[in-house]
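[1] Pasted the sequence and its predicted model underneath.
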Amino acid sequence: MVSRIDYEKLAEAIGDWIRRTLIDAGMDGLVLGVSGGLDSAVTAALGAGALSPDRVLGLVMPCGSVTSDTEDGLRIVRHLGIEGRTIELSPVLESFLEAGGLQETDRLNIANTKSRLRMAMLYAHSRGRLVLGTGNFSELRVGYWTKWGDGAADLLPIGRLYKEEVRELARALGLPGWVIEKVPSAGLWPGQSDEKEMGFTYGDIMEYFRGGEVPRETADRIGDMVRATEHKRRPIPCFEARKWMEDNV
């Protein structure tokens, strides 16, 4: 099913959509975090193709990160010819945790804090730019993202593409083989990988939501994760005070 799609035409359609979104917002450029992984590489390539490389700012933001991820992010910046900046957030993370008395907090909380610090830095560079989100459909559907971290963005070019489809799009965009085949990882801690952390593969996610065959235990794990993260996909709830006041005059 994935192979029947014309990914070159898909890339053109996404590029047109990015340009229209930018015009509607009255902005001049784009900014995104470049992690050295597949999703950010594809998103950066789509942005550069939609506009021009000089109108896309890629921030490489090591934050207690694996050195190879930082190097890979810089390789993608150079490959695409976009404007790039390296911003070391590790000292910011340490100061933040110390200020909050969170030095002994669990590693998941630290990982979420890293994501939120990066998004704050992106929006600090967003004057005249829209923030490109790099989340894919697989992650959005199961809630594998951080609220107000990588989940905060102005537009999501690959937000309706499963991970396998993002990989195919990367090939159509001519991205290097090393990033296409790189093991998906948010680089949250040494040895961390997305699929190991979730307990199932990106292929399992696509099959599950398309009604395909996945092992019962895997289906249960995916279903549990979807239910546990439903709050992430809902708009912020507001108490309907106006209605209450009208009904209680």
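    Arrived safely, thanks for sending.
[2] Which strand or helix spans Val226?
    Following DSSP states H and E, one finds Val226 within helix 216-228.
[3] following that helix, which helix or strand comes up?
    Next helix or strand after helix 216-228 toward the C-terminus (DSSP H and E): helix 230-233.
[4] neighbouring contacts of the helix holding Val226?
    Helix 216-228 has contacts (C-beta atoms under 8 Å, 6 or more residues apart in numbering) with 141-144, 198-200, 204-205, 208, 214. Using the backbone N, CA and C atoms, a C-beta is placed for each residue, glycine as well.
[5] nearest to Asn248, of these?
    Gly143 (36.5 Å; C-beta to C-beta).
[6] Test my guess that that closest one contacts Arg234.
    No - Gly143 lies out of contact with Arg234 (C-beta atoms under 8 Å); the separation is 11.1 Å.
[7] Could you check which of these two has the larger neighbour count?
    Gly143 (18 against 7; other C-beta atoms under 10 Å).
[8] Report the mean per-residue pLDDT for stretch 176-185.
    Averaging pLDDT along stretch 176-185 yields 92.
[9] which parts of it are buried?
    Judged by neighbour count using 16 or more other C-beta atoms under 10 Å, the buried positions of stretch 176-185 are 179-180, 182, 184-185.
[10] Kindly report the same for stretch 25-40.
    Neighbour-count burial for stretch 25-40, with 16+ other C-beta under 10 Å as criterion, is recorded at 27, 29-40.
[11] That one spans what distance, first to last residue?
    22 Å (C-alpha to C-alpha, to the nearest Å).
[12] what's the farthest-apart pair in the contacts of helix 216-228?
    Farthest pair in the contacts of helix 216-228, by C-beta to C-beta: Gly143 and Val214, 17.6 Å.
[13] Now do the strands in this protein.
    Assigned by DSSP state E, the strands in the chain fall at 29-33, 56-60, 83-86, 129-131.
[14] Reformat the ones you listed as JSON lines; add distance to Phe96 and mean pLDDT.
    Putting the strands of the chain into JSON lines (distance: least, C-beta to C-beta, whole Å; pLDDT from 0 to 100) gives the following:
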{"stretch": "strand 29-33", "distance to Phe96": "17", "mean pLDDT": "98"}
{"stretch": "strand 56-60", "distance to Phe96": "18", "mean pLDDT": "98"}
{"stretch": "strand 83-86", "distance to Phe96": "19", "mean pLDDT": "98"}
{"stretch": "strand 129-131", "distance to Phe96": "21", "mean pLDDT": "98"}
